[in-house]
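> no sequence for this one, just the structure:
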């Protein structure tokens, strides 16, 4: 079972905005560019890079997506902070 992960994310308030960003990603837009443009999280300035973190450090829904979801493929997750587009780079 993975204990640490490295992920990128884009945080927005509304589901329709998150879904639009997901479409742009599927069309080939760069994750980091979209994060810098749209993310309300301070990590947006770094292209959405959250760095490496341990399991249990993030809110439960985010944590589940990172540690049980797919890697590399962006996924949409709702938390108390808003809508996240998460891209897991790796898990250890």
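Thanks, I have the structure now. Values in this document were obtained by computation on a predicted structure and should not be read as measured data. Numbers count the residues shown, from 1 in each chain.

> okay, CA-based contacts and neighbour counts for the rest of this
Noted.

> Please report how far residue 82 lies from residue 71.
The gap separating residue 82 from residue 71 is 21 Å, by C-alpha to C-alpha, to the nearest Å.

> Between these two, point out the one with more neighbours.
Using other C-alpha atoms under 10 Å, the more surrounded residue of residue 82 and residue 71 is residue 71, with 19 against 15.

> Look up phi and psi at the more buried one.
When quoted as degrees, to the nearest 10, the phi and psi of residue 71 stand at phi -100, psi 160.

> quick one: the helices in this protein?
15-26, 31-38, 60-68 (DSSP state H).

> The second one to helix 15-26, inter-axis angle?
Okay, so that is helix 31-38. Between helix 31-38 and helix 15-26, the angle comes out at 150 degrees (axes from the mean of the first three to the mean of the last three C-alpha atoms, to 10 degrees).

> Apart from its chain neighbours, what residue comes closest to residue 37?
Once flanking residues are discounted, residue 37 sits nearest to residue 44: 7.6 Å by C-alpha to C-alpha, 6 or more residues apart in numbering.
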